[in-house]
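Student: Got a predicted structure plus its sequence, pasted below:
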Amino acid sequence: MLDTIKTVETPEGVELVLSCAGFYVRSIAWLLDALIQGVILLLLGIALPSLGKFGMGLFLIAIFVLNWFYPVLFEIYMNGQTPGKRIMKIQVLLMDGTLVNWGASMLRNLLRTVDFLPFFYVLGFISMLFSKDFRRLGDLAANTLVVYKRVLKNRPEIPEVPAIAAAINLTAGEQQSIVSYAERYSKFSPQRAEELARLATPLLQGMTEKQTISASERILGIANYLVGHR
């Protein structure tokens, strides 16, 4: 129950590592959304009574729309995030890691009524306790999952030197190691950078002592070639 990490494979064959959101963070997101809805209803309650029965009808419609369509519309048009979820940096996804669709969002939110039973989401809380992915009944029925939103970090710049094609075929792991070396190059001393570069012996084939290019420059050149700087 303490392991909140879930690995899923998307329809495109990409493996994603997702961190499931637990009861506490989801409760805070729900309270934030409830507060936002409450403020909207308060403002409407102040403005609409001046319109008489027509205003009261609009107010009742607003209650219905906010209660049933507030979460659905935000989840569809804000990549699975209501304002509360966005503040808490969580989002709703389908179990295959793709964005939630209309059918799933409608179903999971309609079943909030069941999750609320017998009072204040007791049934939903129990469901989350017995689910390793912290899924309430609405999530189980809609095949959805609430996870922490993945933040894509900007990759560090690598020193730009003339690109060099590797003389041998490189595996994906080897390519990643070369690019990682280039991204961390500025943190090394020149001596340490050269020492690490010389460990990649197969990539240094063909170099002679008379060549002015260093081993580290050659590895940087290969890294530039791999990332498309040609």
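Tutor: Okay, I see it.
Student: quick one: buried residues of the biggest helix by length in the chain?
Tutor: When the chain is parsed with DSSP state H, its longest helix is helix 23-47. The neighbour-count check on helix 23-47 (16 or more other CB atoms under 10 Å) flags 25-26, 29-30, 32-33, 36-37, 44 as buried. C-beta here means a position set from N, CA and C on the backbone, and glycine is covered the same way.
Student: Tell me how far the residue nearest the centre of the chain lies from Leu58.
Tutor: Using CA atoms, centre = their mean, the residue of the chain that lies closest to the mean C-alpha position is Arg150, 2.4 Å off. Counting by CB to CB, to the nearest Å, the gap between Arg150 and Leu58 amounts to 40 Å.
Student: Backbone dihedrals for Ser19, please?
Tutor: With angles defined as degrees, to the nearest 10, Ser19 sits at phi -110, psi 110.
Student: same thing with Leu18?
Tutor: Dihedral pair for Leu18: phi -110, psi 150, per degrees, to the nearest 10.
Student: Run a quick neighbour tally on it.
Tutor: Leu18 has 21 neighbouring residues, counting by other CB atoms under 10 Å.
Student: give the contact list for it.
Tutor: By CB atoms under 8 Å, 6 or more residues apart in numbering, the contact set of Leu18 is 5-8, 93, 97, 145, 147-148, 150.
Student: Please name the nearest non-neighbouring residue to Trp30.
Tutor: Nearest residue to Trp30, sequence neighbours excluded (CB to CB, 6 or more residues apart in numbering): Gly84, at 6.3 Å.
Student: Pretty sure Asp33 is one of the things the one you found touches, is it not?
Tutor: Yes: Gly84 lies in contact with Asp33 (CB atoms under 8 Å); the separation is 3.7 Å.
Student: Leu16 - that's part of a helix, no?
Tutor: No: under the criterion used here (DSSP: H, G, I helix; E, B strand; the rest coil), Leu16 is strand, not part of a helix.
Student: burial measure for the closest residue to Tyr148 other than its chain neighbours, as a count.
Tutor: For Tyr148, ignoring the flanking residues on the chain, the nearest one in space by CB to CB, 6+ apart is Ser19 at 4.5 Å. The local packing count at Ser19 equals 13, with neighbours defined by other CB under 10 Å.
Student: With Leu93 as the reference, measure out to Ser19.
Tutor: The span separating Ser19 from Leu93 equals 12 Å under the rule CB to CB.
Student: list residues touching both of the two?
Tutor: Shared between the contact lists of Ser19 and Leu93 (criterion: CB under 8 Å, 6+ apart) are residues Val147.
Student: So this structure: which segments form each domain?
Tutor: 5-148, 172-226 (automatic domain parsing).
Student: closest to Pro156 out of those?
Tutor: domain 172-226 (4.4 Å; CB to CB).
Student: Mean confidence (pLDDT) on that closest one, please.
Tutor: In this model, domain 172-226 has an average pLDDT of 85.
Student: Then stretch 22-39?
Tutor: The average pLDDT within stretch 22-39 is 94.
Student: Quickly find the element holding Val146.
Tutor: In this assignment (DSSP states H and E), Val146 forms part of strand 144-148.
Student: chain center to that strand: distance?
Tutor: Relative to its chain's centre, strand 144-148 lies at 9 Å (CA atoms, centre = their mean, to the nearest Å).
Student: by contact count, what packs against that strand?
Tutor: For strand 144-148, the elements it packs on are strand 15-19, strand 90-94, helix 102-110, helix 137-142, judged by 3 or more CB pairs under 8 Å, 6 or more residues apart in numbering; DSSP states H and E.
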